[in-house]
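Asks: Here's a sequence, model it:
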Amino acid sequence: MEFSSAFIWACLGVILMLAEIVIPGGIVILLGGACLAVAGALAVGLVDGIVQALTMWFIVSIVLLLSFRRVTQKLVGGDAHVDNTDEELDLYNQIALVKEAIGPAQKQGRIEFQGTEWSALGDGSEIAVGTQVRIICRDNIAFVVEPHERA
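Replies: Model prediction:
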């Protein structure tokens, strides 16, 4: 490969490294660095031909990714947010307001929770409109609630 191939690899490396601004994560910059290494090898004659250039790029990319991934992750950062995956646990013990009387027995009513009205079942007793209730669990699309006793 002549000098123009080295120039193409160098341009590709610079483009990939600049792309790190748009695609953060610390990977693209390492792939760009591998392109620059291939460009240097082509310029001095260590590598000749597209197959050798691609093979060198692949090997250098893997080495850079394995060696420097942790370093770039610390510099770039990222979103390491872990949420609860069980929605039922997020609902437990939340307070809602009765909008339509619940009970007696298995008579469904309506509660307002997080700005939306939901079907609700009680503990068997009648729960009047305007009462604050505590969510115990969910039964299909209805919440099971009990009167909230303020401490």
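Asks: quick one: contacts for the closest residue in space to residue 123 that isn't next to it in sequence?
Replies: Leaving aside its chain neighbours, residue 123 sits nearest to residue 146 (4.9 Å; criterion: CB to CB, 6 or more residues apart in numbering). For glycine as for every other residue, the C-beta is placed from the backbone atoms N, C-alpha and C. When contacts are counted by CB atoms under 8 Å, 6 or more residues apart in numbering, residue 146 touches 122-123, 133-134, 136.
Asks: Repeat that for residue 142.
Replies: Counted by CB under 8 Å, 6+ apart, residue 142 has contacts 108, 118-121.
Asks: Check residue 131 too.
Replies: Counting by CB under 8 Å, 6+ apart, residue 131 makes contact with 97-98, 147-148.
Asks: of all these, which two lie farthest apart?
Replies: By the measure CB to CB, 97 and 147 form the most distant pair in the contacts of residue 131, at 11.7 Å.
Asks: on that earlier part again, now, which of the contacts of residue 146 lie within helices?
Replies: Using DSSP state H, no member of these sits in helices.
Asks: Select only the buried ones of these in PyMOL?
Replies: Entered in PyMOL, the line below selects the buried ones among those, by 16 or more other CB atoms under 10 Å:
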select buried, resi 122+133+136
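Asks: List the buried residues for stretch 23-39?
Replies: 26-39.
Asks: got TSV for those, with distance to residue 102 and secondary structure too?
Replies: Formatted as TSV, those follow (distance: CB to CB, whole Å; DSSP: H, G, I helix; E, B strand; the rest coil):
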residue	distance to residue 102	secondary structure
26	53	coil
27	54	coil
28	56	helix
29	58	helix
30	59	helix
31	60	helix
32	62	helix
33	64	helix
34	65	helix
35	66	helix
36	69	helix
37	70	helix
38	70	helix
39	72	helix
